Structure formats: structure tokens, C-alpha cells
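In: give me coordinates for this.
(chains A and B)
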Amino acid sequence: MSHSFTKSTARNIFFGGALFAFLLFLALTFDTTRALPKRDHRENLTAAVVRGKYVWETHDCIGCHTLLGEGAYFAPELGNVYKRRGPAFIKAWIEAQPTGAPGRRQMPQFHLTPQQLDDLVAFLKWTSEIDTNNWPPNIEG
Amino acid sequence: MQYRSQAVAKPYFIGAIALFIGQVVFGLVMGLQYVVGDFLFPAIPFNVARMVHTNLLIVWLLMGFMGSAYYLIPEEAETELHSPKLAIAMFWVFLAAGALTVLGYLLVPYATLAKDTGNAVLQTMGREFLEQPWPTKLGIVVVALAFLYNVTMTVLKGRKTSVSLVLLLGLWGLALFFLFSFYDPNNLVLDKYYWWWVVHLWVEGVWELILGALLAFVLIKVTGVDREVIEKWLYLIIAMTLITGIIGTGHHYYWIGTPKYWQWWGGVFSALEPLPFFMMTLFAFSMVGRRRREHPNKVATLWALGTGVMSFLGAGVWGFMHTLAPVNYYTHGTQITASHGHLSFYGAYVMVVLTMISYAMPVLRGRPANSRAAQAWETWAFWLMTVSMMLIALFLTAAGILQVWLQRLTDTPLPFMAVQDKIAFFYWLREAAGMGFLLGLLVYVASFFVKGEREALA
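Out: Numbers count the residues shown, from 1 in each chain, chains lettered A, B, ... in the order given. Sure thing, here's the model as predicted:
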């Protein structure tokens, strides 16, 4: 690098650039915050959905599954599982775990109450109705 | 070493390496569970092994950053550390908090852990990487604040260099953005939006400042190139990092309910994120090429060059591969993500901490460099670990491409588990490469115990 390009020039580019990027990010966040209610259908966040998210989190479901593509890649995507399997199947599946099939990946038995199962299904239903720009590409997740 | 208080770095480095071993062992457990599904079930279900694997990674890297800062700051500030006692006390607090949390994951069902630690009072658990109970999170904040107080006071009373300024900015940013881990709204979209403010703004933001500062410090030491030149590079690299990386957060906002315009903002800016990593590679090689001294610690220079190359490959190339929305639409949440995660964390953060340990540890043990024999062992460890991680990433990439094809791209998409069965071959190869990585790590640990003749110590 030439001598006319000094360290203080580089430092100014850093502080100026970082500040600009951060302010732009905040502006975009502000706009996103205004646009979100139409996309996340928060009006449907019932008490059951909120409790369902709590069940989801306190059993570390994200440790094996993905939800809208984020999480672990060990077990199927659950962002659209409500549409793929339906409520009855989801509850029966959770209650039937683990399968005990030798050599197969195993899901623990969580001993969820009927209420917790209903709440979890409500949460998965609500999640499946978020406007995700048409992701995942197909029903298999 | 130049300042006695730099010695507090030593337990941090040793602790970091110990936890690193634990991380890799649990990684191998998970790798095996991918192909032998019921391995260790129900004693250690996959999600538990994964929490241990990722949380140990975070804790040991933080420990490595702190140890590095405790070594670097007194030397840059040309004064003793503000409070060595506080630094040592915080080490034990951090280690105890980390160990207790991991034991909690392993010994108690997660729901019970959540109940017993008051998650109902302040809901923060059960989100990827942020699985810790809130008392642990609070502990991390306390340790971080005590640490930041300690190093900031040291810089304030001593010489202020650009290297230490950038390091401090990175570390303060780390603590600041971690606060978002306490925010867990009921609305999943908002939850995910701000979850990334911890995860992305850490690893593709402020952590890169730490990475740059540590690399710059080691390069100043081993090459003897004028500080002005190195610091100019450092500012340019981290300028590019934040200019591309902050808006680059948008590449996580494609499919989680956020507006569609993020596909453009995220795509364009994150497509530029490889630039600072490429500059980092050029930087490392150019400084070593212009070196004004032959430092006896050859292997530290190797780690520094390796960090440049592997962070560019892992974060830069493997990140670019799936960062554009039309590609990410198909690769999102597949083994492609896993391959990028592994190669980038190793290439950038694991390697920079090992660079720092490689440079500082001999000095902390009273010599400018290790014996030729010890360096030879460490060089073997470097290649074993680096090549193994490259292979892990390549096998996961192969698995990922097949997964994308079978599950998402064909006219007749197969269910997730059917696809997993079909790509098991690559998971076996990944596990074999993982064994190679563990071997490299064991050689690395052994290198600390190799004596060798003293003649190598110029």
C-alpha cells in the first residue's frame, strides 16, 4: 500500500463504514418491525401457542430438529410438520417414542401431558402459517 | 515474558484445550449417532450431545479469547494487568459455571433443568446455542464484565495501540450483543430475528475484530514488520468485515417470516463477506513474506498463515457457496450448513486461538519457542487437524448436495429420514475424518510434553 494511504485513513474508513452499516441495519430493522405484523400473523398468538413454544423450548426440540430451517439437522424440519402430518399424527408420534428400532435414530419419551401436546400442536400450527417466502421448497421440508 | 501478570493467561489456555478435547469427543459421539441411531440412547440423546458439543465450543473459544487478551493487553499497553487476582478468580468462576451447566445437560432431563433453574421466571432456554439456564447466562455476563473491566483499565493506564483498541472493541461488542440472549419473545419470528443478533453479529461481526487483532499481534511478533503497516491492514480488514457483515445478517432473514427485501440486502452484502477473509489471507502471507526477523517459533507462524487460509475457505468460500437466496432456498438447514459451520469455526476461531496459544505458551513457560522436536509434533498436529477438518467439510458437503437433490430438487422428493439413509455412506466417511481430527488433537496435546534438545532455541 502506498505511503499516502495512512493508518489514520484506514481507521476512518473503519469507524465511518462500521457506523454507516450499523445505522443502515437499524433502519432496515425499523422497517422490518413495521412490516412484520402482516407476515407473522401475531393476532393468532393465542395462550395455547405461547404455552406451546414453552414446551418446544424446554424440551430442546431444536437440538435435533430444524424449525424454519434453523436448528440441528438430525431429524426432520418441523416448521411445516403440521401441514405434512396433521395434529393427530403429531401427537400419536410423540407419545409412541422411542421406537426402539435397532440402529435407528431415537427420539426420547418426554411424558408430555395431553394439554402440553395440544399446546405444542397449536404452536406448530401457528408456525406453519408464517409467511416464509414460500420456504421450504416442498412438503418434505 | 515481559510482564509478570501475563502469566494469568496460562490457566485460560490450559482450560480451553481441555474443553476442546471434550468438544471433539462429543462431536464423535454425535457423528456416530448419525449412522448408528441408537448409540448411547437413552443415556445421551443426540440433542444432549449436541448441546455439550456446541456449548463447550463457545466456552472454550471465549476462554481462549480471554487468555489471549490477558497475554496481549499488558504487552501492548506496556504495563502490568490491572488485577491479576480478579483474572484468576474469574477463570475459576467461568470454569465452574461451564462445568456445572454441562453436567446439568448430561445428568438431568432438559425440562427438569429448565424447571429447577427458574426458566419459567425468565424464559431464555431451548434456543440453539443459547440453551444455558439464565443463571449461567448471567454468570457469563458477570465474568465478561469483570474481564472487560480488567483489560480496559489496563489499557487506560498504559500505551494505547490500535491492536488493543480493536481487541477491546471486539470484546465489548461480544458482551453487548450477548445481552440479546435474554430476549426471548413469544413471537417466533421476533425471537429468531434477535437471536441472530447474538449468533451472527458475534461470529460474522465482533468476533472477527478479535480474530483480526490477535492475528495482527502475532504477526507483529513473529515477522518484525513495522506496526504501522500491520495496523493499517488490520483497520482495512475489519472495516470490510463490518461493512459487509452487519447488513450480511440479512442472509438469515430469507425464510423466517421477515420481508422479502432481505433476500437482496442479505445476498449482496454477504456475497462480499469473503473479501475481508481474503484480505486476511493476503495480509498474513504478505507480512510473513516481508518479515524482518527469523522468529524461532516457526509453528506459530504456520498457525497464523493457516488461520488466514482456512478462515477464507471456511467462512469465505463455504459461506459464499450458499449465501445467495436462490441457492439458499434449497440448501437452507441441510448438511451444507453443517459443513460451512464446521470449516468456518475451525478455520477462523479455533485456529486463531491455537495461533495465539502456539505463540504465547512457550513464552509463558519461560522460553521464546519450543524445541525443534516439540515444534515438529505441533506441526504434525496442525496438518492432521486441518486436513481432517477439510475432509469433514468435504464429506458433509457431498452429503448436503445429495440431501438437497433427493429431498428438495427432484420431481419426487423423498422424506427426510429416507434421504438420511441414502447418504449414510458420507456420514461414515465424516466420522472417520473425525477420528483423524481427534488423533491430531491428541498429537497437539502431546506436543506440550515433548522436551527435545535446547539447541533449537535461538
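
In: excluding its backbone neighbours, what's nearest residue B:54?
Out: residue B:129 (5.6 Å; CB to CB, 6 or more residues apart in numbering or on different chains). C-beta coordinates here come from the backbone N, C-alpha and C atoms, glycine included.

In: what parts of the stretch 301-450 of chain B come near chain A?
Out: B:329-330, B:332-335, B:337-338, B:407-409, B:413-417, B:420 (CB under 8 Å from any CB of the partner chain).

In: are any of the residues you listed buried, and which?
Out: B:329-330, B:332-335, B:337-338, B:407-408, B:413-414, B:416, B:420 (16 or more other CB atoms under 10 Å in any protein chain shown).

In: ok, so of the residues you listed, who is nearest residue B:361?
Out: Minimum distance to residue B:361 across these is 31.2 Å, recorded for residue B:338 (CB to CB).

In: which SS state does that closest one fall under?
Out: helix (DSSP: H, G, I helix; E, B strand; the rest coil).

In: residue contacts, the nearest residue in space to it that is not next to it in sequence?
Out: Distance criterion CB to CB, 6+ apart; nearest residue to residue B:338, sequence neighbours excluded, is residue B:396 at 5.1 Å. Under the criterion of CB atoms under 8 Å, 6 or more residues apart in numbering or on different chains, the contact list for residue B:396 reads B:335, B:336, B:338, B:339, B:342, B:426, B:430.

In: so the fifth one is in which element?
Out: Of the helices and strands defined by DSSP states H and E, residue B:342 is found in helix B:335-344.

In: show me what that helix is packed against.
Out: Contacts defined by 3 or more CB pairs under 8 Å, 6 or more residues apart in numbering or on different chains; DSSP states H and E place helix B:335-344 against helix B:318-321, helix B:372-404.

In: and the next helix or strand past the last one?
Out: What that stands for is helix B:372-404. Later in the chain than helix B:372-404, the nearest helix or strand by DSSP H and E is helix B:416-422.

In: domain ranges for the chain?
Out: Reading this off chain A. A:7-39, A:43-128 (automatic domain parsing).

In: try again with chain B
Out: With automatic domain parsing as the reference, chain B has domains B:1-160, B:216-447.

In: what average pLDDT does the last one get?
Out: Pointing back at domain B:216-447 there. Across domain B:216-447, the average pLDDT comes to 98.

In: and if you look at the first one?
Out: Summarised as a single mean, pLDDT over domain B:1-160 is 98.

In: span of it from start to end?
Out: Between the opening and closing residues of domain B:1-160 there is a gap of 20 Å (CA to CA, to the nearest Å).

In: and that domain, how far from the chain's centre?
Out: 12 Å (CA atoms, centre = their mean, to the nearest Å).

In: mind listing what the residue most central in space within chain A touches?
Out: By CA atoms, centre = their mean, chain A has its centre lying nearest to residue A:67, at 4.1 Å. Residues in contact with residue A:67, defined by CB under 8 Å, 6+ apart, are A:56, A:61, A:77, A:78, A:79, A:127, B:188.

In: go again with 6 Å.
Out: If a contact means CB atoms under 6 Å, 6 or more residues apart in numbering or on different chains, then residue A:67 has A:78, A:79 as its contacts.

In: swap in residue B:315?
Out: B:277, B:344, B:348.

In: name the single longest helix found in chain A.
Out: Scanning chain A for the helix with the most residues, using DSSP state H, yields helix A:7-40.

In: against residue A:92, how distant is residue A:72?
Out: 23 Å (CB to CB, to the nearest Å).

In: have a look at these two and say which one is more surrounded.
Out: Using other CB atoms under 10 Å in any protein chain shown, the more surrounded residue of residue A:72 and residue A:92 is residue A:72, with 21 against 11.

In: got a list of what the nearest residue to the more buried one once chain neighbours are set aside touches?
Out: Excluding the flanking residues, the one nearest residue A:72 by CB to CB, 6+ apart is residue A:64, at 5.2 Å. Counting by CB under 6 Å, 6+ apart, residue A:64 makes contact with A:72, A:74, A:75, B:46, B:47.

In: ok, back up a step: counting neighbours, which of the contacts of residue B:315 comes out on top?
Out: Top of the contacts of residue B:315 by neighbour count (other CB under 10 Å): residue B:277, with 30 neighbours.

In: can you give me the buried ones in the helix or strand hosting that residue?
Out: If you go by DSSP H and E, residue B:277 is part of helix B:274-289. Across helix B:274-289, burial judged by 16+ other CB under 10 Å covers B:274-281, B:283-284, B:286-288.
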